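K.L.:
Quick one, what's the 3D model for this:
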Amino acid sequence: MKLTDMSAQELAAFKQDVQKEYEAYKALGLKLNMARGKPGAEQLALSMPMLDCLTSKDAAELSGDYFNYGGLDGIAEAKELFAPMLGVDPKNVIVFGNSSLNIMYDTVSRCYNFGASKDSKPWKDCGKIKWLCPVPGYDRHFAITELFGIEMINIPMTAEGPDMDMIEKLVAEDESIKGMWCVPMYANPTGITYSDDTVRRIAALDPAAGDFRIFWDNAYCIHHLTDTPDTLLNLFDELKKNGKEDMVYMFASTSKVTFPGSGVAIMAASEANLAHIRSTMTIQTIGHDKLNMLRHVKFFGNFENVKAHMQKHRAILEPRFNAVIEALETEIAPLGIGSWVKPNGGYFISFDSVPGCAKRIVELCKEAGVVLTGAGATYPYGKDPEDKNIRIAPTYPSTEELKKAMEIFVSAVKLATAEKLSK
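P.N.:
Okay, the predicted model is just below:
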């Protein structure tokens, strides 16, 4: 029976039973962490052989200049290897260090201080500027724009991607809107992949601001979890058809492919954008870790081997995601007190509680030893207007730990909802 269909007496009895169940879990003294999308130990072990790919003997045989200054763009072999991740020509790629988030921060900073192109004003000289933020979304994206004092505008996510009617109207009317965050494939945290129609509409945008930029963070483009993975239309190709390829910066990395702290990150953009980026980047750095790029090249060899490597990740992660979905379908669905999407890939499951319950659920979980990402984190300024979204990160705990954590989670959802409805 759904909780909303229960009588006051039935709800009180349900709440009493769940309270006892929750107290029993709390007494176990568990310490389980599902706060961030960190690869687990089994995943990290997959890439350990890469540490042996480059030895002093190998180095003696290398003809390229991998050891000295220079190579601002990254080594050619790495561009060739990773350009297919974003579906672009290697000439449109720069290979950086280990963090795509770092590139995104630098790109916002570059536009803010020096302009998005050599002919445009620095954003800091444009008065109050604004940014479109599909929600729920990635908290670290929002933290960057908040740091620069950029006003963030919530754009609701649909099953097709962000609300394009709203986006088209806003960008056409307001030249102070300078950018938009996008995680287009297996979005963080909803797991939704933008439809072809959504990508085409993004590519056809006609912003009032000539320096409007789409930050296309394709972090999960190869993180599939099923035999029928989602597909994503190539935004760069669609923009080129419209003569608007300068409108996008694309990002990806191997943070959840090899080692989060020692991977490589890539950025793809038009040749005009890359020329502008290099003009300040050459002041910022001599170049990134070319030996680590080479290590990745030697480990994988080609992009087909990258995809084969991701199947090994899938074998580890799929049971974890299934454990979360099974718990929600078994314990929450019959009660009608939550909603979620079963993703075909990515790193998260987005759970929507009854409005007004998310903070209480996270609090109850923490008290019982399960740490989750803070409620509200998936919205700009940490403010979920309905207090309902919770990001579940299944990757770091073992499957058995995850099953126990989900027992506590569903108990917390039941208790928090019963408390809310009782009032």
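
K.L.:
what ranges do the strands span in the stretch 251-400 of the chain?
P.N.:
With DSSP state E, counting those that start in this stretch as the criterion, the stretch 251-400 of the chain has strands at 265-268, 338-340, 349-353, 370-372, 389-392.

K.L.:
Mean pLDDT and mean neighbour count added to those strands, as a markdown table?
P.N.:
Heads up, the C-betas are built off the backbone N, CA and C, glycines and all. Formatted as a markdown table, the entries for the strands of the stretch 251-400 of the chain read as follows, by pLDDT from 0 to 100; neighbours: other CB atoms under 10 Å:
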| stretch | mean pLDDT | mean neighbour count |
| --- | --- | --- |
| strand 265-268 | 98 | 25 |
| strand 338-340 | 97 | 18 |
| strand 349-353 | 98 | 22 |
| strand 370-372 | 95 | 22 |
| strand 389-392 | 97 | 26 |
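
K.L.:
Glu331: which of the ones you listed is closest?
P.N.:
Proximity to Glu331 (CB to CB) singles out strand 338-340 among the strands of the stretch 251-400 of the chain, at 9.5 Å.

K.L.:
The closest one - contacts with which helices or strands?
P.N.:
Under the contact criterion of 3 or more CB pairs under 8 Å, 6 or more residues apart in numbering; DSSP states H and E, strand 338-340 touches strand 349-353.

K.L.:
which strand of this protein spans the most residues?
P.N.:
When every strand of the chain is counted residue by residue (DSSP state E), the longest turns out to be strand 151-158.

K.L.:
Okay, helices next: where are they in this structure?
P.N.:
All helices of the chain, identified by DSSP state H, fall at 8-26, 41-45, 56-61, 76-86, 100-114, 139-147, 164-173, 196-203, 235-241, 271-284, 290-300, 303-327, 358-367, 399-422.

K.L.:
looking just at contacts, which helices and strands does the last one meet?
P.N.:
The one in question is helix 399-422. With contacts defined as 3+ CB pairs under 8 Å, 6+ apart, helix 399-422 has these neighbours: helix 8-26, strand 32-34, helix 303-327, strand 349-353, helix 358-367, strand 370-372.

K.L.:
for the record, mean pLDDT for that helix?
P.N.:
Across helix 399-422, pLDDT averages out at 96.

K.L.:
Mind exporting the C-alpha coordinates of it to CSV?
P.N.:
Taking only C-alpha atoms (Å, rounded to 0.1, in the frame of the first residue of the first chain), the coordinates of helix 399-422 have been written out as CSV:
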residue,chain,number,x,y,z
THR,A,399,28.7,-4.9,-3.4
GLU,A,400,28.1,-6.4,0.0
GLU,A,401,28.7,-3.1,1.8
LEU,A,402,26.5,-1.4,-0.7
LYS,A,403,23.6,-3.8,-0.1
LYS,A,404,23.9,-3.1,3.7
ALA,A,405,24.1,0.7,3.0
MET,A,406,20.9,0.5,0.8
GLU,A,407,19.1,-1.4,3.6
ILE,A,408,19.8,1.7,5.8
PHE,A,409,19.0,4.1,3.0
VAL,A,410,15.5,2.6,2.3
SER,A,411,14.9,2.5,6.1
ALA,A,412,15.8,6.2,6.3
VAL,A,413,13.5,7.0,3.3
LYS,A,414,10.6,5.3,4.9
LEU,A,415,11.1,6.9,8.3
ALA,A,416,11.7,10.4,7.0
THR,A,417,8.6,10.1,4.7
ALA,A,418,6.4,8.8,7.5
GLU,A,419,7.5,11.7,9.7
LYS,A,420,6.7,14.2,7.0
LEU,A,421,3.3,12.7,6.2
SER,A,422,2.4,12.4,9.9
